[in-house]
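Peer 1: Dropping a prediction and its sequence here:
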Amino acid sequence: MFIAADVHGLLGSVFCDLIKITVTDTNGERARRGLVQSITNAEKPLVTTDKKHDMQEGDFVVFSELKGMTELNELKDPIKIKVKKQNQFELDIDTSKFGKHTVDGVFQQVKMPKEFEFKPLEEQLTTPELQYFDGMEAKCHCLRVALSQFENENKRLPEPTSEEDANTVLKLAVEFGKSMEIKMGSKTKACVIDEEMAKKLALLVPGASAQITPMTATVGGIVGQEIIKACTGKFSPIKQFLYFHAINALPSETKPSTANKPRNSRYDDYYAVFGDKVQNHIFNLKMFLIGSGAIGCEMLKNWAMMGLSTGKDGKITITDMDTIEKSNLSRQFLFRPNNIGQMKATCATAAVKVMNPDMEIKTDAIRVGKETENVYDEKFWEGLDGACTALDNMKARLYVDQRCVEFQKPMIDSGTLGPKGNTQVVVPFLTESYGEGARDQPEEGIPVCTLKSFPYKIEHTIQWARDKFEGWFTNGPQEAKNYLEKKGYLQELAEDQNSQIGNLETLNELLVHFKPLDFNDCVRWARLKFETLYHNEIIQLLTVYPKGKADGKGVPFWSGTKRCPSPIHFDAKNQEHYDFIVAAANMYASVFSIRNCTEEKAISKALTKVIVPKFVPDKSLKIAANEEEAAEEKKKHKEVKSQGIDEKIRMLTSALPAPASLTDTKLNPAKFEKDDPTNFHIDFITACSNLRAMNYRIKTESKHQTKFIAGKIIPAIATTTAMVTGMVCLEWYKVIQRLPLEAYRNSYANLAIPLFARSEPFFPLKTDIALLGEKKGEKLSYSSWDHLEVKNGNQSMKEFLRYWFRVYGYRVSALTYGHTSLYMSAQKKMKDMKALLKKPLAEVAALRSGTELPKTDYIKLTIVCDREDVDEKASSGDKKIQFPPVRFYHGE
C-alpha cells in the first residue's frame, strides 16, 4: 500500500493506492433499525416503516418478529433495498407467495463488505481518478505535476519573489494538461487551462515552497484518516487523488514581490505565502478563544505555529471551565496524564507557551454568559479583533454570536462529530450571523409513557436507567442530606406541595425502611429493587393490558411500538441478574459511606438471606397508554391526592427520625461520572438498561455503547479535529485581509465517505423601513449587524417616546429592555405607567427589571412601533414595525 501527502503553500494533495481492500463499514453510521408497519405481497414488495428509516439505495436489511410473513424472519441472507420514500423501501425479493403480513416486525440494516481496487501512481498521473473538491481538482493536478517537474529540473521549488519561476511552472502545467486524460462518463478529454484559470493558479505558485500550519493541519487530518482506513478497513478510502486548495485566501491581484522574501525567521513560510503585511497583522491580533478541549487545543497549537499574538499588541484570551479527564488524552494532545484533574485552559496555555514562548495569553476558567458580562464587558469586546468558538453546545455558541453581533466582531465557529466536521465564518455586515444560519436540531425527547411502560429502543431503556440512577443515587440522597444538615428543611419542603409527598416518601425509604447498616443490607435493597422493576411492575402492566387485549376494531393493543413485555424471574447464577445486584448494591453502599464489596461468595450468601414478598397485582390500577391519557391521569391523581393529603404528610413526617439521632449517617449523593471504571456508574446503567431491554425483547447493548449513549458523548477523533481547525485558520487569514464575500467558505466534510463540500456564506438579510417624521423620505435599511444610537442624555421615558415619534414618525407600541417590558401603549393611561413615564428611562429599566444596569453608559432597547399606513383588515403582524436594536446612552 502507498499513501502520499504534500503541501505546497496553499495547495495540498493526497494520493492513495491501497491496491485492493475490503471495507467492512463504508460510512461509519450506526446500522439503522426500526419498526415495520406493513409489507406487501409482490415481486418487488414495498415495506412501510413507522418513522423515517434513514437508509440509502443499495443498503441491505434483515427482518425479525414479523407476524404473518414469517418467511422473511427465517432468511439468513440480507436483502438489498431500493429507497422509495422517507418511510418506504422496496425489497429485492419476491414475496408474492409468502404469508400475508399482519402486525409487528423489526427491520435491521446489515453493513455489507465492499471491495475497492486501486491503480499505481505511474498510471494515475496521466489518467487520474480525482476526488471531487470544488471543480478545480484537474487543474490543481496539472499544477502539482508541474511543480514536481520544475523541482526535478531545477533542484528546487519556485522562489517566492520570482515571477519568472511562476511563469515557468504555469507553462508546464498548461502543457501537461494537454496530455492528461480525464474520464467523463465513457469518454476522456484533456484538461484545458485557459488564460483566466492560469491567472488563478498563478496565485498558488509563489508560496509553493512553503508549508504552513493551517494547510498541514488540514491535509494531515485527511491523510491521517486514510492511513487508519488502510489499517482497519473501516470507512471508504479516497479514490485516488484529493486536492485541497485555499486560493481564495489571497487577493486576486497577488504577485511575487519582496514582501514574500525570507527573513531568516521561523515564519518565513508564512511570509512566502501571505507577505509581511499580513503576517505582521497576525502577530498583533487580539483574539478570544472560547473552549480549550479538542478543537481548542488544536487551534492553540496552530496559532503558536502561525505566530498569532506574539507581537507587542497581540493577546489571546482563553477561557474554559472544564478540568481534564482521562478520556480527553486520546484527542486533546496538549494534555498529559499528570494533567488529569487540572484546568484545561491553564494546561493548554502552558503547553503552547513551550511551543512558542512569545505568545501573549490570558487564561480564565469562567463561563461566557450573562453572568460574566462584568468580566467580558464592553471594553473587552471593543478591544478584540475576533472570537473563535471551540464549544460543544448551541446555547453558548448563540450567546457568543450575540455578543459578536452587538460589538460587530468577526467569529468563526467549528464543530466535529466523529469523522464529520464543519466550519462557519461570520463577518460583520458581510455574512449572516451564526444565529441567523442553520442551527442544530433540538434534541428529540422521549415521551414519558414510552419510558415508563412502552419502550421499544435501547435508547429508551438507557434513559430509563439514567433516570433511576439520578433518583436513587443523586436526587434522593441529596434530599436526605438536606434533611439531616439543613435547618428548616421540612418547612421549606411544605411550601412546595408538588414535591412534598414524593420527597417525604423518599426520605422514609432512605432513612427508615432501607437505611443500611452494612453491605448485606445494600444487597437486600438491590434484590428487592430487581423484583420490583423487572418482575412486579411487568406483571402489573400485563394485568392492566393482557397479552390478547385488542381495541374495538380488533387491532391488538400490543403491536407497533408497544412491545409486549415478559417478567424476569431472578436467578443469581444468571450473569445479567448478578451484575445488576453487584452494581446497584455497591452504588447504594457508596451513598451511605459503606465499604464496597465485589466478592462473589459474600454477595451470593447475602442474596440467600433476602426474603422477597409475594406480589399480588392491583386489578383496579390504571396505567396510561399514551401521553393524552397520562395527562388526564395526572389531573385526576391531583384531585384524589388532595383528599387526605394532610394526614399522609403528617404520618410520613412523624415517621422520620430526628436529624440529631442520625449524626453517624454520612450521605454521599453520586455525581454521574462516565469515565471512572471503578465507581459502578456505567456498570449500573448497563445492567439496569439491559434487563429492561430483556423484558421487552429489545437488543441489549455493550457497556461501551451504553456509556456512549448514557453519557451523551459527542464522538471526537483527532483527524477530524486537525482538519477542521486548519480550515478555520485559513478563514482567519481572509478575515484580517478584509476580503470580499466571495472569498469566504463555510465547510462541511465527512472523512468516512469521504466528502468535502464548501459554500460561500449567505449575506445578511436586510429590512427596509420608510421613515416619517423629521426623516421623512429617507429609508432605513438594516440587518442583524446594525443598531441605532440615541444620545439625548438620561431623558424621561415620556421624552424618549416623543423624541422617537418626532424623528422617525412612528409611535412606539412596545418598549423592552432585555426580557423586561418597560412600556406598552395599551397601558399608557394606567396610574403606574403614568408615574413611570415621568422617570428617567434608565431608572425605569432598573426598576422594572429588578437588576443593576450594566457598567456601560448605555442600555439596549427593543422597539416595536405601530404602522398607521395599513388597512384595518391587515394582520396584527403587518400593523407593527420592528426597528433595529437601540443603544440609549444615559450618561450626561
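Peer 2: Received the coordinates, thanks.

Peer 1: So residue 860 belongs to a strand, correct?
Peer 2: Yes. Using DSSP: H, G, I helix; E, B strand; the rest coil, the secondary structure at residue 860 is a strand.

Peer 1: where's it relative to residue 884, distance?
Peer 2: As for residue 860, its distance to residue 884 is 11 Å (criterion: Cβ to Cβ, to the nearest Å). C-beta here means a position set from N, CA and C on the backbone, and glycine is covered the same way.

Peer 1: who touches both of the two?
Peer 2: residue 787 (Cβ atoms under 8 Å, 6 or more residues apart in numbering).

Peer 1: wouldn't residue 529 be in contact with residue 581 here?
Peer 2: No. Contact criterion Cβ atoms under 8 Å: residue 529 and residue 581 do not qualify, at 9.2 Å.

Peer 1: So for these two, which sits in the more crowded spot?
Peer 2: Neighbours per residue, other Cβ atoms under 10 Å: of residue 529 and residue 581, the larger number sits with residue 581, 24 against 19.

Peer 1: Does that one touch residue 610 like I think?
Peer 2: No. Counting by Cβ under 8 Å, residue 581 stays clear of residue 610, with 9.7 Å between them.

Peer 1: so what sits against both of those two?
Peer 2: 523, 527.

Peer 1: which stretches of this protein have low pLDDT?
Peer 2: Low-confidence segments of the chain, defined by pLDDT under 70: 438-445, 497, 633-644, 869-877, 892.

Peer 1: Please, where are all the strands along the stretch 101-250 of the chain?
Peer 2: 106-110, 114-117, 182-184, 187-189, 241-245 (DSSP state E, counting those that start in this stretch).

Peer 1: And for the stretch 751-892 of the chain?
Peer 2: Secondary structure of the stretch 751-892 of the chain (DSSP E, counting those that start in this stretch): strands at 755-759, 767-770, 779-782, 788-790, 812-817, 820-824, 858-866, 880-882, 886-889.

Peer 1: which other helices and strands contact the fifth one?
Peer 2: It refers to strand 812-817. helix 797-808, strand 820-824, helix 841-849, strand 858-866 (3 or more Cβ pairs under 8 Å, 6 or more residues apart in numbering; DSSP states H and E).

Peer 1: Tell me who's in contact with residue 250.
Peer 2: By Cβ under 8 Å, 6+ apart, the contact set of residue 250 is 10, 203, 273, 274.

Peer 1: what's the distance between it and residue 275?
Peer 2: The span separating residue 250 from residue 275 equals 9 Å under the rule Cβ to Cβ.

Peer 1: Find the one among the strands of the stretch 101-250 of the chain with the highest mean neighbour count.
Peer 2: Stretch with highest mean neighbour count among the strands of the stretch 101-250 of the chain: strand 241-245 (a mean of 25; mean count of other Cβ atoms under 10 Å).

Peer 1: Would you mind listing the outside residues contacting that strand?
Peer 2: With contact meaning Cβ under 8 Å, 6+ apart, strand 241-245 is reached by 10-15, 124, 128-131, 133-134, 136-137, 140-141, 144, 204, 215, 218-219, 222, 754, 756.

Peer 1: first vs last residue of stretch 88-98, how far apart are they?
Peer 2: For stretch 88-98, the first-to-last residue distance is 19 Å (Cα to Cα, to the nearest Å).

Peer 1: Would you reformat the strands of the stretch 101-250 of the chain as TSV and include distance to residue 153?
Peer 2: Listed next are the strands of the stretch 101-250 of the chain as TSV, based on distance: least, Cβ to Cβ, whole Å:
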stretch	distance to residue 153
strand 106-110	54
strand 114-117	34
strand 182-184	25
strand 187-189	28
strand 241-245	22
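
Peer 1: wait, which of these is closest to residue 604?
Peer 2: Among the strands of the stretch 101-250 of the chain, the nearest to residue 604 by Cβ to Cβ is strand 106-110 (36.5 Å).

Peer 1: Does anything pack onto the closest one? Which helices or strands?
Peer 2: Strand 106-110 is packed against strand 33-39, strand 60-64, with contacts defined by 3+ Cβ pairs under 8 Å, 6+ apart.

Peer 1: Tabulate those (JSON lines), appending distance to residue 267 and mean neighbour count.
Peer 2: Shown next, in JSON lines, are these (distance: least, Cβ to Cβ, whole Å; neighbours: other Cβ atoms under 10 Å):
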{"stretch": "strand 33-39", "distance to residue 267": "53", "mean neighbour count": "20"}
{"stretch": "strand 60-64", "distance to residue 267": "53", "mean neighbour count": "19"}
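
Peer 1: Past the strand or helix carrying residue 632, which element shows up next along the chain?
Peer 2: Residue 632 belongs to helix 627-641 when assigned by DSSP states H and E. Next in sequence after helix 627-641, counting helices and strands by DSSP H and E, comes helix 645-655.

Peer 1: For the strand or helix carrying residue 506, C-alpha coordinates in CSV please.
Peer 2: Assigned by DSSP H and E, residue 506 belongs to helix 497-508. Provided in CSV are the C-alpha atoms of helix 497-508 (Å, rounded to 0.1, in the frame of the first residue of the first chain):
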residue,chain,number,x,y,z
GLN,A,497,-46.7,20.9,47.7
ASN,A,498,-46.0,19.4,44.2
SER,A,499,-42.9,17.6,45.5
GLN,A,500,-43.6,17.4,49.3
ILE,A,501,-45.1,13.9,49.4
GLY,A,502,-42.7,12.5,46.9
ASN,A,503,-39.7,13.8,48.9
LEU,A,504,-41.1,12.6,52.2
GLU,A,505,-41.6,9.1,50.8
THR,A,506,-38.0,9.2,49.5
LEU,A,507,-36.8,10.3,53.0
ASN,A,508,-38.7,7.4,54.6
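
Peer 1: Pull the residues that contact whichever helix or strand comes after it.
Peer 2: Heading C-terminal from helix 497-508, the first helix or strand you meet, by DSSP H and E, is helix 519-531. The contact list for helix 519-531 (Cβ under 8 Å, 6+ apart) reads 472, 514-516, 570, 577, 580-581, 584-586, 588-589, 592, 594-597, 602-603, 606-607, 609-610, 612, 615, 691.

Peer 1: repeat that with 7 Å
Peer 2: Contacts of helix 519-531 from elsewhere in the structure, counted by Cβ atoms under 7 Å, 6 or more residues apart in numbering, are 514, 516, 570, 580-581, 584-585, 588-589, 594-595, 597, 603, 606-607, 610, 612.

Peer 1: and residue 562, which of the three is it?
Peer 2: Going by three-state DSSP: residue 562 is coil.

Peer 1: Which residue, neighbours along the chain excluded, lies closest to it?
Peer 2: Excluding the flanking residues, the one nearest residue 562 by Cβ to Cβ, 6 or more residues apart in numbering is residue 454, at 5.0 Å.
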